[in-house]
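J.: Give me the fold of what follows.
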Amino acid sequence: MNPPSNTTLAFPAMEFESRLARLTANLNERGLDALITFVQENQYWLCGYETTGFHSFPQGLIVTASGGKLLITRQLEIENALERAFELPAIGYQDGEDPGTAIARGLIDLGLGGANIGLEKKDPLADGRDRRIPQKGRTRCIL
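T.: Model (predicted):
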């Protein structure tokens, strides 16, 4: 897949590929099948995706240990994501639809049902803590 044609990305494609490789190596080292990040800055760091609406509606970027990516965002943001980010497939949820259900559907679509998932809800440096909370089944959440 080529970088977006109507947008100049902040970094060359090789930089985004290198960042993804470092993240997937980290996921594999930790025994995680995927990571979901809700942190806008980390979504931008991984694929150049940015939106002014990140504070208005939930969006999660799923990154698999094999390097797959999937953004789950508001349906009205899909075109922005597809046009303005580096190799970022996206699915949308409708206004009034539960974003959590859309994220769960994305995980299932990626074959990650019952997988060991890292969950980044906020920047761990914001409060100086890296908390790990065990969950039922094989899911481990990193907050």
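
J.: Residues contacting the longest helix along the chain, please?
T.: Counting by DSSP state H, the longest helix found in the chain is helix 13-30. Helix 13-30 has contacts (C-beta atoms under 8 Å, 6 or more residues apart in numbering) with 3, 9, 33-35, 45-48, 63-67, 69, 86-87, 118. Quick note: C-beta positions are derived from backbone N, CA and C, even for glycine.

J.: Out of the residues you listed, list just those in helices.
T.: Counted as lying in helices by DSSP H, out of those, are 45-47.

J.: wait, which of the residues you listed is closest to Q75?
T.: C47 (19.0 Å; C-beta to C-beta).

J.: pLDDT averaged over the longest helix of the chain, what's the number?
T.: Averaged over helix 13-30, pLDDT sits at 95.

J.: give me the low-pLDDT residue ranges for this protein?
T.: Counting by pLDDT under 70, the chain has low-confidence residues at 1-8, 53-56, 122-143.

J.: Got phi/psi on A102?
T.: Per-residue torsions, A102: phi -60, psi -40 (degrees, to the nearest 10).

J.: Leaving out the residues flanking it, which one is nearest to it?
T.: Closest residue to A102 apart from its sequence neighbours, by C-beta to C-beta, 6 or more residues apart in numbering: Y93 at 3.7 Å.

J.: ok, now which ones touch the residue nearest the centre of the chain?
T.: For the chain, L61 is the residue whose C-alpha lies nearest the centre (C-alpha atoms, centre = their mean; 1.6 Å). Each residue near L61 by C-beta under 8 Å, 6+ apart is listed here: 36-38, 42-43, 46-47, 49, 69-72.

J.: is it true that it lies in a strand?
T.: Yes. The assignment for L61 (DSSP: H, G, I helix; E, B strand; the rest coil) places it in a strand.
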